[in-house]
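K.L.:
With the sequence up front, the predicted model follows.
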Amino acid sequence: MLDRVLRRIENLVIAHPRRVVGVAALVSLGALALGSGIELRTSRAELVAEDDPEQLRWEQLRQEFAGPDPLIIVLEPAAGRPVELDVLQEAADVLGAALEARPEVDYVFYHLEMDWLLENAVHLAPPAQLRRAVDQLEGLLADGTGSIVLGGLADLNDRVSAQIERALASGAVMPSSGASDEAARLSALLRAEHEFLADPDDFVARHSGLLLQLVRPPRDSSITPDGYLSTRDQMFVLLLVSPTDADAELAKQRRLVETVRATADRVLQGLPVAYGLTGSPAMNVEEMASIRRDSQVTSGIAIAGVGLLAMLAFRRRRHALLGLIVLAMGVAWSIGAVRLELGYLNMITTAMVPILVGIGIDFAVHPISQYEIERHDTRDRRTAVQAAFRKTSGAVVVSALTTSAAFFCFSFMEFRGFSELGVVAGGGVLLCLLAALFVLPALLLLRGEVASNRMAPVDRFWLPAAGRLLRHPKVVTTTAIAVTVVAAWAGRSVPLSTSLIDLLPPGAESLRYLEIVSDESAISAYVNIVVSDDLEQMREFERRARGSEVIARFESVLDFLPESTETTRAAVGRVGEFLDRVSVTDAPWSGRSALAGSIERLEQALGDAVEAAFVTGLSELVGPLEAARLEAERAHTLVSEASKVADAAWARGEQTMRERLRDLIDQIRASAAAAPPSIDTLPQHLRTRFLTDRGRYLGFIHPTDSIFDRRALGRFNRASFEVSANAIGFPVLFAAHSRQITSGFGLTLVTGSLLVLLILGLDLRSVLHMALALVPVGVGIAWMLGLMRAFGLSFNLANLVAVPLVLGVGIDNGVHMIHRYRLEGNAGMTVVLSHTGRAILVASLTTMVGFGSLSLASHRGMASLGVLLFLGVGASMVAALVVLPNLLVAFGWAQRH
Amino acid sequence: MTIQSMRTLKFTLPAVLALQLFGLTGWGSSLPVPSPHHLVACAPGYPGTTQQAQPTMDAFAAMVSAVAGWPQDRLTAEYQQTESGGVERLAEPASTLGLVPLPFFLKHEEQLGFDPIAQVVQRNGSTSEIWSLAAPAGRVSAAGDLEGWELAGIPAYAPAFVRGPVLGAWGRLPDSTRITFSRRVLAALRRASAGEAIAVLLDSSQAAALASLPSAERLEVVATSPPLPAALLVTVGGRVSSDDAARLLDGVLRVHTVDRFAEVLDTLRLVGFEELDSEALQHARDAYRAAAR
């Protein structure tokens, strides 16, 4: 039946070549006009099914909260210029204010209001911590009379020594919960004492606000002492920018990035501050920019390479041009078809053009190549076209059908990006086929030239080689089988990497700063988010998140509200009652001798304590206690060796600190007497950060490990779902969509393979010939996998699309070889190789050059795609031109000559 | 036999039986009362005094009595923090049981008539102790380098234990090496980190805590012992009957399965008891005796 259809086409084209070309040209123009209206949808949301549950939850969240995917600005000292933290903080203030004035920006989160924290310090401290602090201070300071008198430094040292000695005497060497924290605080206290003794005036100046010291974040947190978001080493200050329109559309993200850059360049001019951008918007924009840059370069190389090859492959340059015209028509029709099928292209279906170029070129190369051979023997153009058509069209049709069937199987994938690629590429392959069947013969009839006597450049190499390739069929076959087995075995474990950051160019700005943010701060660029309707539910979420090893932090409005109204009130009341009994006496300066004595006793007590801890193996106490003892030892040395002048400075400093202590007590009393903070009294920037537009509460789940490690991602998402079944965020989305891709891919390959077998079976009607037709693709894939393993390459989300391409090309090669073998096998495999082998060589080389140019891309995903295609197409080419013919000769199914 | 005598017999017989019954009861009341046991725990060098530890020892005694199926007051216990105190108390006839570390056992086994019945499972889950020798970094690579040095540590009250089971496999310590008992292990480590010619013996938990010291980088572990039994439960002077010993062993081997005893064991830094590793103990004995000659 296929032959009948092809004969009809042949007759139609030969009868009306001008009409055919005219109609084709008009259709092409119409298709291009249609195609100009194709929408380019660059949102990642377009890659998934419209009813994708995770995507729907994400969209729902974005409707009421603009900040799930912020752009992160990292401020750092300009290169080579030392900068104080204050300067970075001021730069953050200026930049934050300027950005919030921009319509593209909803809000910028970068700073906690320390004044508000001070006012509410007592209410925000965990009640258990307040009670413990009061207990410890009572144990340390109470003299049994009910009142608590604070004397001077020597008095404090003696009280601490006595407390340690009491603990040791009671045999309290067992660790209690929090004992190591207490030991660390004791060490910090002694360090402060040492600092005071070393330079009392400086100490007093630095510790002007004692309450501020208490509420300040600890040294290694991701917040500076003044409340700015930062890395732990406080070398970088961070700003989280939430857009007004949180749509993941690339154009919108690009506008946001450009706005931020322009604003930062303007306001930071003249300041010794540099900045970098990271976070999802920055990474997407940078990725697309690098792809675009790379595409321009690689496309140029591909076009030049393919054009050059076409010139080298055909005896007449005009024939190469005709082939390119037919290919262009096929691609134009495909673009028009996309407008009718879908109306848009997404980030994956934009790859349809290079795919169709890589595959469609085959449909022209084989007929043109055969036409030149026929034209050499006859001056009648029509006869040559008919002969070429009859000898190649069957194979062209079958190879196109198998390739398009393989692509159409993609349309069953859940992941919309690939399913739509299946539709547009599968349809496009058929349209390229139509162009090759109708337009190419017509063009050859109208414009085909007599074959020149001079050989095409490729023939000077290929024709002698074709004969030599079959000299040792058994050796070649045995070697090929062995290599294939080894390669298949080695290649079975080629890994699949789902890391997006491994696709970006190595020096990408967003990648560099992502590493800084991820490794050096407690802020994660990629978090899961939970939403609750009330605070009780958020408390339950927090409780579930606590203790999970894969959850680094659970961040919510609860961090800025009292833990529990009842228990907080009771604890705050206890603090107030305690402070009512405290009096700070104006005791005279104890004198150096008394001070030295108190420090010596303290050092001795600490020595006994650390000795007891060490001997009993309480390593968690040993470090901080020994550190405290060393501080006491240094303080003792300092006091013993200090001059008499120091006495006056110490006395002065002690008096000042005593006054500050009174102020601290008054501040805490005022805080305790004030009403506790509530949702209604939260500062606006906290409400914006932690409440949605509808007043629901947000919790941010930060991962411990990188979510671009597959196992870590799975563990983190499972832990997030244990917090709330509705947790959503980039990690959840990424895992779900990656799963759709990888699981769908496997099923697609299976169904595609079955379809290919069916088509081959219907065409060849011989199990042996079917198997032989699959040799190039099977051997090619095995060798490709083996080479990937040898070079340490892996599959990734960018180069997965190479697999169907390699399969398609491999099948094409096999089908053409077997068709030609069946047609001219009696004339010997050398003839088959000379004719069809030549076309396969040219077609494969053009594909390799066309896609191999991608390997020069800076975008590592694109580069890996180019390398994979180069290896895969090259392997199947060698399999078709060397392995299959030698196999046929070795087993006696064909003669060499 | 007359009717009267038969009546007498009739009334007499129950009385005789009753007497016999009372007699039996009387005989029961004259059975010997099981002798009480007294356990002395002694770990020279480790913190804690007899007074501080008494509440814990009372709880321990109650626990052991319960698992052995003894009446509550059958066993008493005390802790002695010094070697001399421990030896003195264990030598007394009232002391029937001991809970002692291996160096103490080896040193006083013969003198006090120790018979080990079980070994302790430490908090880290191991019945073995591995001793480490810490010295100033870069100065000691072999036993011979300790010529004229001081070797301090908690088990040093039994020098033959140090020379034999602990360091015997590493090499023969020079005779000039002074082995000194010190409970202030950290102070000895400070001297070592300051460069003095002193090496310090550490048990496994102390060796693990070494890294947490600020001076850790100036110290290094130059030798470790093979695994040695950590501590033993022993009978003393043959004063415990085989029946009691068997019941005691059966009980202590099960003590870790009883939830309410977990806190007591934890206070003693134990997890439970296991059967004796006789082979390991014999190796230690042999090494000790070789070093003691």
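P.N.:
On my side now, so go ahead. Residues are numbered from 1 along each chain as shown, chains lettered A, B, ... in the order given.

K.L.:
Quickly find the element holding whichever residue of the stretch 1-150 of chain B sits closest to chain A.
P.N.:
When scored by C-beta to the nearest C-beta, the stretch 1-150 of chain B has B:Gln52 as its residue closest to chain A, at 3.8 Å. All C-beta atoms are positioned from the backbone trio N, CA, C, and that covers glycine. Using DSSP states H and E, B:Gln52 sits in helix B:50-68.

K.L.:
Pretty sure B:Val40 sits in a helix.
P.N.:
No: using DSSP: H, G, I helix; E, B strand; the rest coil, the assignment for B:Val40 is strand, not a helix.

K.L.:
residues contacting it?
P.N.:
Residues near B:Val40 by C-beta atoms under 8 Å, 6 or more residues apart in numbering or on different chains: B:Ala77, B:Glu78, B:Tyr79, B:Gln80, B:Gly86, B:Arg89, B:Leu90, B:Ser95, B:Leu97, B:Gly98, B:Leu99, B:Val236.

K.L.:
Is the first one in a helix, a strand, or coil?
P.N.:
The reference is to B:Ala77. Following three-state DSSP, the label given to B:Ala77 is strand.

K.L.:
Quick check, it in contact with B:Pro55.
P.N.:
No: at 10.9 Å, B:Ala77 does not count as touching B:Pro55 under the criterion of C-beta atoms under 8 Å.

K.L.:
more crowded one of those two?
P.N.:
With neighbours defined as other C-beta atoms under 10 Å in any protein chain shown, B:Ala77 and B:Pro55 compare such that B:Ala77 has more, 23 against 11.

K.L.:
For the more buried one, list each beta-bridge partner.
P.N.:
Applying DSSP bridges to B:Ala77 yields these beta-bridge partners: B:Leu39.

K.L.:
List the residues that contact it.
P.N.:
B:His38, B:Leu39, B:Val40, B:Ala41, B:Met57, B:Asp58, B:Phe60, B:Ala61, B:Val64.

K.L.:
of those, closest to A:Glu372?
P.N.:
B:Phe60 (101.7 Å; C-beta to C-beta).

K.L.:
what's the closest non-adjacent residue to the closest one?
P.N.:
B:Ala77 (5.4 Å; C-beta to C-beta, 6 or more residues apart in numbering or on different chains).

K.L.:
And the lowest mean pLDDT element among the helices and strands of chain A?
P.N.:
Within chain A, judged by mean pLDDT, DSSP states H and E, the helix or strand with the poorest mean is helix A:210-215; its value is a mean of 60.

K.L.:
Any idea how far the helix holding B:Gln52 is from the middle of the chain?
P.N.:
Its chain's C-alpha centre and that of helix B:50-68 lie 14 Å apart, by C-alpha atoms, centre = their mean, to the nearest Å.

K.L.:
That one - contacts with which helices or strands?
P.N.:
Where contact means 3 or more C-beta pairs under 8 Å, 6 or more residues apart in numbering or on different chains; DSSP states H and E, helix B:50-68 is packed against strand B:37-42, strand B:75-80, helix B:242-252, helix B:262-267.

K.L.:
Could you pick out the residues of chain B near chain A for me?
P.N.:
Within chain B, the positions lying close to chain A (C-beta under 8 Å from any C-beta of the partner chain) are B:45-49, B:52-53, B:154, B:183-187, B:203-206, B:208-209, B:211-214, B:267, B:269.

K.L.:
in the helix holding B:Gln52, what's buried?
P.N.:
For helix B:50-68, burial by neighbour count (16 or more other C-beta atoms under 10 Å in any protein chain shown) applies to B:52-53, B:56-57, B:59-68.

K.L.:
which residues of the stretch 151-293 of chain B fall in helices?
P.N.:
Here the stretch 151-293 of chain B has its helices, by DSSP state H, counting those that start in this stretch, at B:159-161, B:185-193, B:204-209, B:242-252, B:262-267, B:278-292.

K.L.:
pLDDT averaged over stretch A:502-511 - what is it?
P.N.:
For stretch A:502-511, mean pLDDT is 85.

K.L.:
ok, A:Ile373 to A:Ile325 distance?
P.N.:
The gap separating A:Ile373 from A:Ile325 is 21 Å, by C-beta to C-beta, to the nearest Å.

K.L.:
A:Trp589 now?
P.N.:
Taken as C-beta to C-beta, the span from A:Trp589 to A:Ile325 is 100 Å.

K.L.:
per-residue confidence at B:Pro32?
P.N.:
Here, the pLDDT recorded for B:Pro32 equals 59.

K.L.:
got the contact list for the closest residue to chain A within the stretch 151-293 of chain B?
P.N.:
Going by C-beta to the nearest C-beta, chain A is nearest to B:Ser205 of the stretch 151-293 of chain B, at 2.4 Å. By C-beta under 8 Å, 6+ apart, the contact set of B:Ser205 is A:Thr616, A:Gly617, A:Ser619, B:Asn124.

K.L.:
quick one, what contacts residue 119?
P.N.:
All of this refers to chain A. With C-beta under 8 Å, 6+ apart, A:Glu119 has these contacts: A:Ser671, A:Ala674.

K.L.:
other chain: chain B
P.N.:
Per C-beta under 8 Å, 6+ apart, neighbours of B:Gln119: B:Thr127, B:Pro229, B:Ala230, B:Ala231, B:Leu232, B:Leu233, B:Phe273, B:Glu274, B:Glu275, B:Leu276, B:Asp277, B:Leu281.

K.L.:
which other helices and strands contact the helix or strand hosting A:Leu887?
P.N.:
Following DSSP H and E, one finds A:Leu887 within helix A:884-890. Applying 3+ C-beta pairs under 8 Å, 6+ apart, one finds that helix A:884-890 contacts helix A:473-491, helix A:767-773, helix A:775-790, helix A:802-824, helix A:829-832.

K.L.:
redo that, cut-off 6 Å
P.N.:
helix A:473-491 (3 or more C-beta pairs under 6 Å, 6 or more residues apart in numbering or on different chains; DSSP states H and E).

K.L.:
what about the following helix or strand past the helix it packs on, distance to the chain center?
P.N.:
Next helix or strand after helix A:473-491 toward the C-terminus (DSSP H and E): strand A:496-497. Strand A:496-497 sits 12 Å away from the centroid of its parent chain (C-alpha atoms, centre = their mean).

K.L.:
Ok, stretch A:669-684 next?
P.N.:
On C-alpha atoms, centre = their mean, the centre of stretch A:669-684 falls 41 Å from that of its chain.

K.L.:
what's the answer for stretch A:419-436, then?
P.N.:
With C-alpha atoms, centre = their mean, you get 31 Å for stretch A:419-436.

K.L.:
do stretch A:552-559 as well
P.N.:
On the basis of C-alpha atoms, centre = their mean, stretch A:552-559 sits 24 Å off its chain's mean C-alpha point.

K.L.:
what's the answer for stretch A:635-642, then?
P.N.:
Chain-centre distance of stretch A:635-642: 56 Å, with C-alpha atoms, centre = their mean.

K.L.:
Go through that stretch and flag the buried ones.
P.N.:
Going by neighbour count (16+ other C-beta under 10 Å), the buried part of stretch A:635-642 is A:Ala635, A:His636, A:Val639, A:Ala642.

K.L.:
so what secondary structure elements neighbour the one helix or strand A:Leu754 maps to?
P.N.:
Per DSSP H and E, A:Leu754 falls inside helix A:730-764. Contacts defined by 3+ C-beta pairs under 6 Å, 6+ apart place helix A:730-764 against helix A:53-64, helix A:381-408, helix A:710-723, helix A:767-773.
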